[in-house]
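Q: coordinates only, sequence not included:
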């Protein structure tokens, strides 16, 4: 499992993504790009993320297939389910976490991701992709057209829960520290919040998590805060 704060398909993440491919143990890994979270931003944006993912991982030596699922109805497509079932790495890019979660939970796509994870495929989520696949998804309302967050009420619907009890705050270093801390402290009791900086990732394997990339990962357990940098490991 790989959770990325921001920067999918860009040059600063190439070394990290190459490591994900090498970890599959295959000379030419099969990669699925799932840009569903960006579907609400329009068809051009949606397809741009898909194309960026294909180009990025193809340049790293993978066999890449974009799965163009925009809605829960499209998530019932047999070819999409099969592609995920055959993938060594499924990458969910950014956008709108609640929309992505609605599609995953409202179609067989979520169950297909869970089965892929259970058989050993790597599931990577960036930004909204990371938020939707963990135990809790932060659902913040925005002022229409201005994209300004409204602090209350913050809702924390259940996510796909490929990682239980965890919530992700991506782009963590792009927020003022006081605001990021405020958001983390609103998480449900018992949840562990991972604040992941941009161009930074954390990889979970056999219960241990390790930090990769340029920034930090901030772990909130209630009011207790810990910070970890590249190469650091911790358990949840």
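A: It's in. What you see is a predicted model; the values in this text were computed from it and never measured.

Q: Now for the nearest residue to residue 56 once chain neighbours are set aside, how many residues are close by?
A: Distances taken as C-beta to C-beta, 6 or more residues apart in numbering place residue 9 nearest to residue 56, at 4.0 Å, with adjacent residues excluded. Placement of C-beta: from N, CA and C, glycine included. Other residues near residue 9 come to 23 when the count uses other C-beta atoms under 10 Å.

Q: tell me the secondary structure for residue 9?
A: coil (DSSP: H, G, I helix; E, B strand; the rest coil).

Q: if I look at it, how far off is residue 27?
A: Distance check for residue 9 against residue 27: by C-beta to C-beta, to the nearest Å, it reads 22 Å.

Q: Give the residue spans of the protein that score low on pLDDT.
A: The chain contains residues with pLDDT under 70 at 140-152.

Q: repeat that with 80
A: Confidence mapping of the chain against pLDDT under 80 gives the ranges 140-153.

Q: any idea which element residue 80 lies in?
A: Counting by DSSP states H and E, the element that carries residue 80 is helix 78-86.

Q: Can you identify each of the helices in this structure by residue range?
A: 14-23, 43-59, 78-86, 97-105, 109-119, 128-133, 177-184 (DSSP state H).

Q: Among these, show me which one is buried the most.
A: Of all the helices of the chain, helix 128-133 has the most neighbours on average by mean count of other C-beta atoms under 10 Å, namely a mean of 29.

Q: who touches that helix?
A: 1, 3-5, 8, 34, 37, 91-97, 100-101, 104, 113, 123, 125, 137-138, 159-160, 162-163, 167-168, 170, 196 (C-beta atoms under 8 Å, 6 or more residues apart in numbering).

Q: Touching stretch 167-181 from outside, list them.
A: 3-6, 94, 125-128, 130-131, 134-138, 156, 159, 183-184, 187, 191-198, 215-216, 218, 220, 225.
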